[in-house]
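Undergrad: How does the following fold in three dimensions:
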Amino acid sequence: MSPTGDDMTPFKAYARRLFPTALQTAACAAVLHTTLVAIFARHIGLESLHIAAISFLFVLALALPGGAVLLLTVWALRLGRTAALILFLVTIEALAIALEMYGFDIGLEDVSWQYGLITLPSAVVAWHGSVYQVAKHAGAKG
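TA: Next comes the predicted model:
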């Protein structure tokens, strides 16, 4: 039993962080995507709100099942914080590249580097809101 009286297994701790972290990740990606579009278009308007809303919903739809798989992997393999961060970064970047290639029917050489400006910070937000917070609460290291 923990000092707080909460006998939560690590998997339950990850599961409890899934939805709030998915919301944070989706919000981060939506803001970054909208900002990049506004910078490149040199325009902020009603379209920006549409882009933000669509981005938020799209990322949330991916973050919930994808986050569950990532957290299950972290839990099953008993990954530490550093290994989990690498897993999050590589997996989310690979998914973004695959979705861009599929969605725009392009080859790997045509993938835009700007998506990294969205996916890398979003992956860190996802990791921090879930793995890092659970490890911090548990007092784990490394």
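Undergrad: switch to C-alpha atoms for all contacts and neighbour counts from now on
TA: Fine.
Undergrad: Where does pLDDT dip in this protein?
TA: Across the chain, the ranges flagged by pLDDT under 70 are 1-9, 140-142.
Undergrad: Let me see the ranges of the helices in it.
TA: Secondary structure of the chain, counting by DSSP state H: helices at 10-41, 46-77, 81-104, 116-127, 133-138.
Undergrad: helices and strands around the second one, which ones?
TA: In other words, helix 46-77. helix 10-41, helix 81-104 (3 or more CA pairs under 8 Å, 6 or more residues apart in numbering; DSSP states H and E).
Undergrad: same question, the fourth one
TA: Counting contacts by 3+ CA pairs under 8 Å, 6+ apart, helix 116-127 packs against helix 10-41, helix 81-104.
Undergrad: let's see it at 6 Å
TA: Packing contacts for helix 116-127, counted by 3 or more CA pairs under 6 Å, 6 or more residues apart in numbering; DSSP states H and E, involve helix 10-41.
Undergrad: Show me what the helix it packs on is packed against.
TA: The contact analysis (3+ CA pairs under 6 Å, 6+ apart) places helix 10-41 against helix 46-77, helix 116-127.
Undergrad: on that earlier part again, most packed of the helices and strands packed on helix 46-77?
TA: helix 10-41 (a mean of 19; mean count of other CA atoms under 10 Å).
Undergrad: could you give the angle of that helix to helix 116-127?
TA: Angle of helix 10-41 versus helix 116-127, following axes from the mean of the first three to the mean of the last three CA atoms, to 10 degrees, is 160 degrees.
Undergrad: before we move on, the earlier item: for Met101, which of the helices and strands packed on helix 10-41 is the nearest?
TA: helix 116-127 (14.0 Å; CA to CA).
Undergrad: Any buried residues in the closest one, and which?
TA: 118-127 (16 or more other CA atoms under 10 Å).
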